[in-house]
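In: need a structure here:
(chains A, B, C and D)
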Number of protein chains: 2
Amino acid sequence: MRNDITRNRLLQNLDPAELALIEKNLKSVEMHTGDVLHSQRSRIEKVYFPLSGMVSSLMMTDEGDAIETAAIGREGVVGGSAAVITDTAITQTVVQLDGRALAVPSSILVEACSKSMNFHDAMRRYEAVLTMQANQSSACHALHSVAARLCRWLLHFHDFAETDEFSLTQETISHMLGVRRSSVSVAAHELQHAGLITYSRGRIQILDREGMEECACECYGAVRKFMEETLPRHH
Amino acid sequence: MRNDITRNRLLQNLDPAELALIEKNLKSVEMHTGDVLHSQRSRIEKVYFPLSGMVSSLMMTDEGDAIETAAIGREGVVGGSAAVITDTAITQTVVQLDGRALAVPSSILVEACSKSMNFHDAMRRYEAVLTMQANQSSACHALHSVAARLCRWLLHFHDFAETDEFSLTQETISHMLGVRRSSVSVAAHELQHAGLITYSRGRIQILDREGMEECACECYGAVRKFMEETLPRHH
DNA sequence: GGCCGTCTGTACGCTCGCGCACAAAATTTG
DNA sequence: CAAATTTTGTGCGCGAGCGTACAGACGGCC
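Out: Below you'll find the predicted structure:
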């Protein structure tokens, strides 16, 4: 468990005394693609510190459409707003990439935040990262093309996956970007034609990382930069 | 000044002891349409509690486009994240509708938050409202038509203006919605034709509030509902 | 190996909104 | 009152992405 903790960058940057506030209540859980960690508008009972994998923060509409507003990996926490702001989930959180997380009852986390300023501050800083991502996504979805957004999203995913090859259906991606599946098919072929990726039956391989960063909209870099500036340096 | 304070709903719900923490440092300021209260990525020096008027939270892109991700009026605070999260502005805040506000140096506010849990909590709750709006805008910009978004935006503006008639150029609206000016022209004519508004040379008059709520996307109602649930009842 | 379900490539018409351009109307300025 | 500026109405071609549909390709399962 002690070893697990260092895999989450948010926890990693806390002092032992602060960690002690929640350590006993941490429980390691598997996250599988498709798992819903929190439903939109429901009460947040558990908070997750990912050690690997990726979780999407999704905004759902009444018509049943969904759109990704932020992505969370081992640099952050899923459902942290329960401890920092309100105890109700603004977005739905869904596992996009298999991984593992340390789960803790939100009541424990709220208590830890009230006892330790540092703890509270770490949570708040990560909340700021999520807020920034939501704002950036707002601009991105309004102003940027499907191809650029696909590129951006694959770069983020690549960062979380930490491998150059991974499985992803076009269906899944289309839900993240809020476009239809065949638009993803066309855009993916553009990227493949440009020699940036290979895409075959749900297996995507990143070939030219630099080329993709050029093809992606500014949003990828902006999010990364804000994270670097806002989160403590990992040691 | 005491009388002014009750005009801001966030301050109105604080106890006298909590207000005393900032009261001496509050300064009444005029807000004029176009005024930039905070530039994106700059340090937040002052925080504003609007008493009237409206302020937009805008996300700017490198290409010079802008898009509104949230709107703030006398129910909230502009730049509150300086006290709650980071001291850097994620978005640019611009006055959209003339009004007045109580300004306070952010250092004073940060101190007040550290001294009073209630104060801190009120700020955090409003931050949640802004985060929710950013998420909702993300979905809205990606999935809803210009006409529905125009309707939504006019309803929000109507709430802040507290009059049925107001001045607004199509140019301004087009920047809020992230569409081009002539698209606004077309959409506005649709609404006028449907008998919902009259629009003549920058003077807009709301004729059929209920009809507009039907025409607007769900986002208007969702934001209002979340605000009702999250902010304390006004007494 | 054969069947079936999932995932993908692609095509076609259509709508929405862009990009641009320009004239008309109203307001401001000299 | 005339000129300049701002704001709006509108038209037209165009491209992006939707909605839908369908066939082919692949993988899993028996």
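In: residue A:158: what's it in contact with?
Out: Counting by C-beta atoms under 8 Å, 6 or more residues apart in numbering or on different chains, residue A:158 touches A:164, A:166, A:206, A:209. All C-beta spots, glycine's among them, are computed from the backbone N, C-alpha and C.
In: helix or strand next in line after the helix ranked longest in chain A, which one?
Out: When chain A is parsed with DSSP state H, its longest helix is helix A:117-143. Remark: after helix A:117-143, the chain's next helix or strand is helix A:146-161, criterion DSSP states H and E.
In: now that next one: mean pLDDT?
Out: For helix A:146-161, the mean pLDDT works out to 94.
In: buried residues in that helix?
Out: A:146-158, A:160-161 (16 or more other C-beta atoms under 10 Å in any protein chain shown).
In: what's the answer for stretch A:42-60, then?
Out: Going by 16+ other C-beta under 10 Å, stretch A:42-60 has these buried residues: A:44, A:46-59.
In: again with stretch A:103-112
Out: Quick answer for stretch A:103-112 (16+ other C-beta under 10 Å): A:103-106, A:108-112.
In: before we move on, the earlier item: is the longest helix of chain A positioned near chain B?
Out: Yes. On the criterion C-beta under 8 Å from any C-beta of the partner chain, helix A:117-143 is in touch with chain B at A:124-125, A:127-128, A:130-132, A:134-139, A:141-143.
In: the lowest-mean-pLDDT helix or strand in chain A packs against which elements?
Out: Of all helical and strand segments in chain A, the minimum by mean pLDDT, DSSP states H and E falls on helix A:2-5, at a mean of 78. On a contact count with 3 or more C-beta pairs under 8 Å, 6 or more residues apart in numbering or on different chains; DSSP states H and E, helix A:2-5 meets strand A:99-105.
In: mind giving me the packing neighbours of the next helix or strand after the strand it packs on?
Out: Next helix or strand after strand A:99-105 toward the C-terminus (DSSP H and E): helix A:106-115. Helices and strands touching helix A:106-115, as assessed by 3+ C-beta pairs under 8 Å, 6+ apart, comprise helix A:16-23, strand A:46-50, helix A:81-84, helix A:117-143.
In: neighbouring contacts of helix A:106-115?
Out: For helix A:106-115, the surrounding residues in contact (C-beta under 8 Å, 6+ apart) are A:18, A:21-22, A:25, A:44-47, A:79-80, A:82-84, A:87, A:119-120, A:123.
In: would you single out the least confident of the helices and strands packed on helix A:106-115?
Out: helix A:81-84 (a mean of 85).
In: residues making contact with the very next helix or strand once past that helix?
Out: Once helix A:81-84 ends, the next helix or strand along the chain (criterion: DSSP H and E) is strand A:92-97. Contact partners of strand A:92-97, identified using C-beta under 8 Å, 6+ apart, comprise A:31-40, A:53-60, A:66, A:71-72, A:78-79, A:157, A:160-161, A:166, A:172, A:176.
In: in helices, which of those residues fall?
Out: A:157, A:160-161, A:172, A:176.
In: which residues does the closest residue to residue A:143 other than its chain neighbours contact?
Out: Closest residue to residue A:143 apart from its sequence neighbours, by C-beta to C-beta, 6 or more residues apart in numbering or on different chains: residue B:65 at 5.3 Å. By C-beta under 8 Å, 6+ apart, the contact set of residue B:65 is A:139, A:143, B:178.
In: out of these, who has the most neighbours?
Out: Within the contacts of residue B:65, neighbour counts (other C-beta atoms under 10 Å in any protein chain shown) peak at residue A:139, which reaches 27 neighbours.
In: the residue nearest to that residue when sequence neighbours are not counted bridge partners, please.
Out: Among residues not flanking residue A:139 along the chain, residue B:59 sits closest, at 4.2 Å (C-beta to C-beta, 6+ apart). For residue B:59, the beta-bridge partners are residue B:67 (DSSP bridges).
In: residue B:59 contacts residue B:89, doesn't it?
Out: No. Using C-beta atoms under 8 Å, residue B:59 is not in contact with residue B:89; the gap is 10.9 Å.
In: shared neighbours, the two?
Out: Contacts common to residue B:59 and residue B:89, judged by C-beta under 8 Å, 6+ apart, are residue B:40.
In: ramachandran coordinates for residue A:65?
Out: phi -80, psi 150 (degrees, to the nearest 10).
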